[in-house]
Every structure is written in C-alpha cells, then in structure tokens.
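Engineer: turn this into a structure:
(2 chains)
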Amino acid sequence: MPDATFLDSTELVLNMGPQHPSTHGVLRVILKLDGEKVMGTECVIGYLHRGVEKLGENRTYQQFAPYVDRMDYVAAVSNGLGYCLAIEKLLNIEAPPRAQVTRVILTELNRIASHLLWLGTHALDIGAITPVFYCFREREEVLKIFENYCGARLTTHAFRIGGLQYELYDGFEEQVKTFCDMFLPKVDEYEELLTNNRIWVGRLKGVGILSGDECKDFGVTGPVLRAAGVKWDLRKAQPYSGYEQYDFEIPTGENGDTYDRYLVRMEEMRQSVRIIRQAVEKIPTGPIGKTPKVIKPATGEAYVSIEAPKGELGYFVVSDNSTQPYRLRVRPPSFVNLQALDRMVRGGLVADVVAIIGTLDIVLGEVDR
Amino acid sequence: MAATPWEGELPAQLKQRFGNQITEYATYLGQNFIVAKPDAVIPMLEFLKLEADFDYLVDVTAVDYPKRAERFDLIYILYSFARNERIRIKTMIVDGAQPATSVNVHVGANWLEREVFDMFGIQFAGHPDMRRILMPEEWEGFPLRKENSIIKQDDRWVRENLGIESGQ
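Structural biologist: Residues are numbered from 1 along each chain as shown, chains lettered A, B, ... in the order given. Just a heads-up that it's a prediction; the model follows:
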C-alpha cells in the first residue's frame, strides 16, 4: 500500500475493491490519481487463495481432477481438459478418438459460455445494461447441454484422465447443432447492439492499448495478445486433442486496444461454432476411454498447456512415481494477464480502469487459486 | 522411460556459449530441458531471448526436495513464437540462497517470482518488489514447503485476524 507521505498535494489514493461490482470478484486495485488521471496502480490479490497447488500434492491424480474446475469457474471444462492432457502426457497415453472429439465440442462450447459471460459483464461495467440479459439467455443453452451431459452446469468435471466418464446422451448431436444454428445470428445481434454504437466505440477505442511486444514482455496470452496483432493460438501452434483436423481462423486485431479485443472475442465465438459444427458431424464410434484404476506415472516432469478462453493455461506436474503428484503447478492465464493492468491504465482516466479490468477478462478464482 | 540426451543446434549453441555451466541437456516425453548452475540462469535467459528468439517467459516456479542438499529446483519455462518451441531451464539452489531476479530480462517475471517467494520463501536478489502476493503479508511460513502439512496454518495470524482459534 503506497504511503501517504510521498503524495503531491494534487494526488489522491483511491481504493477500488475488493468489494466492487466491476472487479469481477475480489480484486483490490489501489489507484494513485491526479484528478481524473491514473498515475499508477497496485493490485492486491489473494482474497480467494485456497492453496490449490498444495491440495494437488495431497490428493491422488483422480481425486484432484474436480478441484481444477474451481479455478476458472466460468471455463471449468477447459481447466479439466488441460489437467487431463497433462496427466495423460505423464502417463504417455492418449484418449481414444471419440473422447477427443467430444472433448473438443464441450471445450469450444465452454469457450462460448466464457466469452458470453465476459461480453455481458464487460458491457454492464461500461453502462450497457441490455447485452448481459441476451448473453445469459444463450449461455443458459450451453449450460443445459453440460447439465444433460454430466449433471453439472458450471463445475462440470466432464472429463476423466484417459477419456470420458460418460457416454454421450441420446440427442446430444441434435441439441448441439440446434444451438449452433440458433447462436450464430445471436452474435450478429450482439454486434448490432454494440459494434457501431457511438457510446460503446467512444468508451473502447484507443483505451488500454497493449502492443504485441509488451504482451510478450509480460507473458500476456489469449485474446489480448491476438488483439495486438500477434497471430498466435495454441490450438494452431501446438495442436492437442486433434485440433489440427478442424478448419478455423485465428482472429486478430491491429491496435491492441479494448475495442479490438472486443472484436477478437466476438469473432472467436463464431470460430468456435465453426469448430463445433465440424466436430459434431464426425464423432467417431468406439470406446470413450477408460480411466486407469491406479495412476502412477513414472518419475519425471512435464509441462502441458492449452488455449483456454483467457489465454495459455499450463500445468507443470512433477511425478515421483506415486499415486499423488509430487508438485503440481498451475500456470494461470488470468494471473499473468492481470499483471499488465498497470501498464494499460497508467496515464488513462479513472473511468477507463473499469473498462480495462473488464477487457482483460480475469477470473479471480484463477488469479488466486 | 527415462530422460534422453537432447542433441541439436540449440544445445550445441548453448554448449559453446556456456560450456560447463550447463550440466545436462535432456528430453523427456518430447519436452526439452536443460539443467544449469544458478549463476548462469540470467545470462542464459538473456542469451535465449536476444539470440534464439525465446522471448516469452511462460512461467517461473519451484519444487521443494527437503532431503536434498540443494533443496529447491527453480524452473523457468520459455517459449519462442518464432520457432514455436518450448524449453525449460532448471537450476538447483540451497535453502537461503538468493538467485538473481529475471525481471530485467522479462518484465512478466515480477509476479511469478513474488509467488515463488510467497510459497517457498526463495528471495530473488534485485527484485523490485519482493513481497508476498497471495498470502497475507504478516503470514509466517511458506505453504508449499514440504514440511508444512496440508492443514498447517499460521495460528497466530488466524487468531488475531479472524478471531477464531483455528481455521480447520
């Protein structure tokens, strides 16, 4: 916490959070202001720290799987996929094709759900009340698919190490296809509300610029990096779960501002639909994989990462040939991305801080773990 | 399956530049890593960033081996956009050692190193802001050290700040 003695008479310290609706959880940002201008910030995090990495060392590989859902709780399926892939890598096994295609469908649906939540709350922060209702209406359809598949809506624990727990339910394909057909026009509808809206453009354009080089410096990934013009997506760069079979584009922006990040995420939702449509057409028949009864990976370490909705989500797992991980490190995209907040808001206006926290799309459950 | 030696252009380059400061070049499960002496890490990060395009520091983390003389493994994970390649640098340090910070090479290391300090008590020399990041600032003990069991907590802190005898 900055000490009051170094302040000029014109400067003011303002606490934003930890209980502030637009911090998307319990984030405290200490702002140093000169009038309306932000001179510096400091983030205070850790309010949601639950010691997930410590828990990982004290649970068996199977037992820990549900915990990962509680980190980024709006994209639980992605968390689960990353974890399963990491342990599968250590075991040197691969999920059967049917499981892989199903995983892709559910993960992409989750990406849509996560982006919808981002869009709704981001618009709400800036003062557009309507989009959040539209977004939650469509997000509900995704959650219904999850509920039908595994009984849970948010913390799904949908995947198991080595494949899937549940066979697909009857009518899964139809429900997913219906969702895709219904959803694409809805994205246009959101865009109609916002993209050329003068207030929206005014609040977003040129705000919170982060260039590609700065992103790389900070290790910022995901839509924030792509909006700065870096065409990089782990699904293309280092494909996993058979992403190389699908035809899709990586949307990029040019200016690296909040408006470009908005456009990138909107396009990502369309691309996700494109992937889901291809995947649902060719779900192979066959086994869905069997979880090994005892998981005891050989001594060694592996780092596996996936493109989560928020950026690169990595798991670094050290095995000592026992049933529990010796060390389980989670590389959370939100934590790393949040670090760039200071660079993005410095010199801007205090009202833009809210817009920039929204555009970073952080989930505090993942920042604090 | 054990780690196999890693051969190629990059290890050869590194060998030429750093010689016996790197003790191992290995590949495990298709992932390359090198084991280096602590003093060599920062020059190596610089070299990899400037001459080999490893411009993205993915993660900094540690692993605790309490029975070993050099207690901690310090791990740097790097990625190169240009080469689409990952590499891990591993170094071993004793308890109480103060490895140099990598913030001057990769700005993003700031919070990552703070988290390593918070969880393991490894101080980074030259770090601009070496404080706890996730745990409360007055908390005593470092949660991810192996001697702390999963229910271990700072009783004094819990009593004084939460007004209860135990958080368990």
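Engineer: can you pull out the strands in the stretch 201-350 of chain A?
Structural biologist: A:300-308, A:311-319, A:327-331 (DSSP state E, counting those that start in this stretch).
Engineer: closest to residue A:294 out of the ones you listed?
Structural biologist: strand A:311-319 (13.1 Å; C-beta to C-beta). In this view, the C-beta of every residue, glycine as well, is placed from N, C-alpha and C.
Engineer: any idea of the angle that closest one forms with strand A:327-331?
Structural biologist: Compare the direction of strand A:311-319 with that of strand A:327-331 by axes from the mean of the first three to the mean of the last three C-alpha atoms, to 10 degrees and you get 170 degrees.
Engineer: next up, the contacts around residue A:173.
Structural biologist: By C-beta atoms under 8 Å, 6 or more residues apart in numbering or on different chains, residue A:173 lies in contact with A:280, A:283.
Engineer: how far out from the middle of the chain is stretch B:40-56?
Structural biologist: Put simply, stretch B:40-56 sits 15 Å off its chain's centre (C-alpha atoms, centre = their mean, to the nearest Å).
Engineer: same question but for stretch A:38-45, I mixed them up
Structural biologist: 23 Å.
Engineer: just checking, residue A:141 touches residue A:179?
Structural biologist: Yes - under the criterion of C-beta atoms under 8 Å, residue A:141 makes contact with residue A:179 at 5.3 Å.
Engineer: pLDDT score assigned to the residue nearest to residue B:111 when sequence neighbours are not counted?
Structural biologist: Nearest residue to residue B:111, sequence neighbours excluded (C-beta to C-beta, 6 or more residues apart in numbering or on different chains): residue A:339, at 4.8 Å. The model reports residue A:339 with a pLDDT of 90.
Engineer: tell me, how many residues neighbour residue A:339?
Structural biologist: 22 (other C-beta atoms under 10 Å in any protein chain shown).
Engineer: how about the residues of the stretch 151-300 of chain A near chain B?
Structural biologist: A:216, A:217, A:218, A:219, A:220, A:230, A:232, A:237, A:238, A:298, A:300 (C-beta under 8 Å from any C-beta of the partner chain).
Engineer: report pLDDT for the first one.
Structural biologist: If you check residue A:216, the pLDDT there is 89.
Engineer: number of nearby residues for it?
Structural biologist: Around residue A:216 there are 23 residues (other C-beta under 10 Å).
Engineer: residues touching it, list them.
Structural biologist: A:225, A:230, B:55, B:56, B:81.
Engineer: the residue in the stretch 201-350 of chain A positioned nearest to chain B and residue A:368, how far apart?
Structural biologist: Residue nearest to chain B within the stretch 201-350 of chain A: residue A:219 (3.7 Å; C-beta to the nearest C-beta). Applying C-beta to C-beta, to the nearest Å, the value for residue A:219 to residue A:368 is 18 Å.
Engineer: quick check: chain neighbours aside, which residue is closest to residue B:105?
Structural biologist: Going by C-beta to C-beta, 6+ apart, residue B:105 has residue B:45 as its nearest residue, at 4.7 Å.
Engineer: hmm, that neighbour is touching residue B:108, no?
Structural biologist: No - Residue B:45 lies out of contact with residue B:108 (C-beta under 8 Å); the separation is 11.8 Å.
Engineer: who are the neighbours in contact with residue 118?
Structural biologist: Going with chain A. Contacts of residue A:118 by C-beta under 8 Å, 6+ apart are A:265, A:309, A:358, A:361.
Engineer: that's the wrong chain, I meant chain B
Structural biologist: Here residue B:118 is in contact with B:132, B:133, B:134, B:135, B:142 (C-beta under 8 Å, 6+ apart).
Engineer: assign the second one to helix, strand or coil.
Structural biologist: The assignment at residue B:133 comes out as coil when based on DSSP: H, G, I helix; E, B strand; the rest coil.
Engineer: count the residues that sit near it.
Structural biologist: By other C-beta under 10 Å, neighbour count at residue B:133 equals 24.
Engineer: any idea how far residue A:96 lies from residue A:153?
Structural biologist: 26 Å.
Engineer: run the chain-centre distance for stretch A:232-251.
Structural biologist: Worked out by C-alpha atoms, centre = their mean, stretch A:232-251 lies 16 Å from the chain centre.
Engineer: show the average pLDDT along it.
Structural biologist: For stretch A:232-251, the per-residue pLDDT averages 90.
Engineer: need the distance between the two termini of it.
Structural biologist: With C-alpha to C-alpha, to the nearest Å as the measure, stretch A:232-251 spans 9 Å from end to end.
Engineer: list the contacts of it.
Structural biologist: A:81, A:85, A:95, A:97, A:100-101, A:103-104, A:107, A:221, A:225-226, A:231, A:263-264, A:267-268, A:271, A:274-275, A:278-279, A:304-307, A:312, B:81, B:84.
Engineer: using ChimeraX, define a selection of the buried residues within these.
Structural biologist: Selection of the buried residues among the contacts of stretch A:232-251 in ChimeraX, burial being defined by 16 or more other C-beta atoms under 10 Å in any protein chain shown:
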select /A:81,85,95,97,100,101,103,104,107,221,225,226,263,264,267,268,271,274,275,278,279,304,305,306,307,312 /B:81
